[in-house]
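Q: Sharing a model that was predicted from the sequence below.
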Amino acid sequence: MCITHIIARKITNIFSHMQARVKKNKKNHLFAIFIAKKDRDCLGIRTFCSIFAKQNVCMKLLMVILAVMTWTVKDKNTVTPSGTTPNGVAAEYSSSYQKGTVRNGDEAVLTLTGLGGRTVNGIDIYLHSNSSAGAGEIKVTADGKTVAAKEGTYKSWTGAYNSSSFRAVTVLSSSLPDVKELSISVKGTANSLYIEKYVITYQDLPPRTVTLMKGPDLYMTLTEPYRGEGVQLPVLPDTEEWRFAGWSEQHFWTIYTRPEIYYPALTYIPSCDVTLWAVYAYQPNVSTTYVTDLQTGEYLYVNSHHMTALSGVPSGGKMAYAAANPMDEEQYYTFTFASPDTAYITHSATHTPIGYSGTSLVAQPSPWLVHQNGEEVSFYTIYGRKKYALWLNVLYQTGDNTVYHAGMLEAQNFTGTPMRLMRPAVQAEAYTCHPEAEMDVENVPVRTHSPYILRLGNYELRIHDGIKELRL
């Protein structure tokens, strides 16, 4: 028997007559004790938690000792949880015969996923048999590796024959650290075995903490609701000269290559207690180059009359557009020219194809016909003997509301079209964790490596003759 079982038994004996309870006094001081029930060898204490306040100071003491989760067989393919089941854990159960019954040649398998690296301290299966000769094989697999096995009769496992009540068969009594997936198999080899439930003792893992720094100051501290859930990173306002770009595990003053950045729109799952630093990007001057030599590459698709650029992916048959300055990753598209007259369009950040169905924009590959007149470039299709072009500033009437989107617009005559392919020539960006400090970023030169490719995480930065292309 492992040390965690011994400790749990001692504590349970002390508190054997106590019930879980919470008391609240007039000063809103809380005191709570939670005691897990005893299940033969698999017993434990979930938490001992004391929360109290004194002189406007609140202290929380949390000590995780042991926890017990129980999975009771409900029917042939279902188990129900009880006890303390970790958040994120899912169970799959299957039996080749009927509810909880394994005859000679039958098998029942319980698989738990989402354990998230917890330590499993013990496994008991509650069984009985209608015959003292009921026998089987029990195997435990953790993350694809067999960690425990037991073969024999019900009587040899429990020391006695009993057909009227279920008795615990201890399958695992040693600790298994860092378990992500657990599988328990029971095979019948003689007569029948009947399974009531699976009782698993484990040590829960504390959630991880993310400390956020804004310049030299602590901004806030975030803690996961439970291990592996992650945290939502906040958005910070821009400063007069610096644009908030996201959060980084790196700390630096000024650099001119893009660091690995975690965006507030994404859930950040820390691998340990970690400190993240707010990263700001200097917003450099932008000049534009309209494309006349149509080559496969990454561009913005803009309406030059009001300098807006196509943005995002299709939704409801339409797309969005936004100001072309400043630019963001949502406005970059890869235009693949299969021939001078045909092209395919893909949203670079999400690899989503931009196509059409009739006169609606959809997320599917479609061959676009190309019309070019100098800097004027339009992408269109023919539907019902009419030409419909991908256009920005298309008016849609929805009830009393007039809204504008990117969409398909009938365009029999392309003369004087405002649509352009634009390639930005951008001054090399500067990044900092200290926008409050005075730094000379006005004279950052244009990058002229030819060619220069830098890969950081999911980002690929290509610089060729001063032209920067950022790919996600």
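A: Received, thanks. What you are looking at is a predicted structure, and each value in this text was computed from that prediction instead of being measured. Residues are numbered from 1 along each chain as shown.
Q: Need the pLDDT of residue 190.
A: Here, the pLDDT recorded for residue 190 equals 86.
Q: for it, what are its contacts?
A: Residues in contact with residue 190 (Cβ atoms under 8 Å, 6 or more residues apart in numbering) are 104, 133-136, 153. For glycine as for every other residue, the C-beta is placed from the backbone atoms N, C-alpha and C.
Q: and the gap between the residue lying closest to it once chain neighbours are set aside and residue 189?
A: Among residues not flanking residue 190 along the chain, residue 135 sits closest, at 4.1 Å (Cβ to Cβ, 6 or more residues apart in numbering). From residue 135 over to residue 189 the distance is 5 Å, taken as Cβ to Cβ, to the nearest Å.
Q: Pick out whichever of the two has more residues nearby.
A: residue 135 (22 against 17; other Cβ atoms under 10 Å).
Q: What's the separation between that one and residue 347?
A: For residue 135 relative to residue 347 (Cβ to Cβ), the value is 61 Å.
Q: hang on, the earlier thing: mind listing the shared neighbours of residue 135 and residue 189?
A: residue 151.
Q: Switch the contacts of residue 190 over to a markdown table; also include pLDDT, secondary structure and distance to residue 258.
A: Listed next are these as a markdown table, based on pLDDT from 0 to 100; DSSP: H, G, I helix; E, B strand; the rest coil; distance: Cβ to Cβ, whole Å:
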| residue | pLDDT | secondary structure | distance to residue 258 |
| --- | --- | --- | --- |
| 104 | 90 | strand | 64 |
| 133 | 75 | coil | 70 |
| 134 | 85 | coil | 65 |
| 135 | 89 | strand | 64 |
| 136 | 91 | strand | 59 |
| 153 | 88 | strand | 66 |
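Q: residue contacts, the residue lying closest to residue 167 once chain neighbours are set aside?
A: Using Cβ to Cβ, 6+ apart and skipping the chain neighbours, the partner closest in space to residue 167 is residue 158 (4.5 Å). Contacts for residue 158 (Cβ under 8 Å, 6+ apart) come out as 127, 167-169.
Q: burial measure for residue 168, as a count.
A: Residue 168: 18 neighbours (other Cβ under 10 Å).
Q: try the one 4 residues further on
A: Summarising burial for residue 172: neighbours were counted as other Cβ under 10 Å, giving 25.
Q: Tell me who's in contact with residue 102.
A: With Cβ under 8 Å, 6+ apart, residue 102 has these contacts: 95-96, 108, 136, 186-188, 192-193, 195.
Q: just to revisit the earlier point, which among the contacts of residue 158 end up buried?
A: Of the members of these, the ones counted as buried by neighbours, 16 or more other Cβ atoms under 10 Å, are 127, 167-169.
Q: returning to what we had before: run through the bridge partners of the residue nearest to residue 190.
A: residue 153, residue 190 (DSSP bridges).
Q: Quick one: mean pLDDT over the strand ranked longest in the chain.
A: Longest strand of the chain, by residue count under DSSP state E: strand 107-128. For strand 107-128, mean pLDDT is 90.
Q: Walk me through which strands it pairs with, and which way each runs.
A: strand 90-95 (antiparallel), strand 167-172 (antiparallel), strand 176-190 (antiparallel), strand 192-203 (antiparallel).
Q: what comes up buried for that strand?
A: 107-110, 112, 115-116, 118-128.
Q: Could you do stretch 139-148 as well?
A: Buried residues in stretch 139-148 (16+ other Cβ under 10 Å): 139-142, 147-148.
Q: returning to what we had before: any chance of the strands paired with strand 107-128 in TSV with distance to residue 236 as columns?
A: Output for those, formatted as TSV (distance: least, Cβ to Cβ, whole Å):
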stretch	distance to residue 236
strand 90-95	36
strand 167-172	48
strand 176-190	34
strand 192-203	37
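Q: Return the most buried member of those strands.
A: strand 192-203 (a mean of 23; mean count of other Cβ atoms under 10 Å).
Q: Report the next helix or strand after it in sequence order.
A: strand 209-214 (DSSP states H and E).
Q: Direction included, what does that following strand pair against?
A: strand 217-223 (antiparallel), strand 274-282 (parallel).
Q: And the contacts of the longest one?
A: With contact meaning Cβ under 8 Å, 6+ apart, strand 274-282 is reached by 208-215, 219, 233, 236, 238-239, 241-251, 259, 261-262, 268, 429-433, 435, 441, 444.
Q: Those in strands, which ones?
A: Secondary structure from DSSP E places 209-214, 219, 242-248, 268, 431-432 of the contacts of strand 274-282 in strands.
Q: Who does the residue most central in space within the chain form a beta bridge with?
A: Nearest residue to the geometric centre of the chain (Cα atoms, centre = their mean): residue 267, 5.9 Å. On the basis of DSSP bridges, residue 267 is bridged to residue 232.
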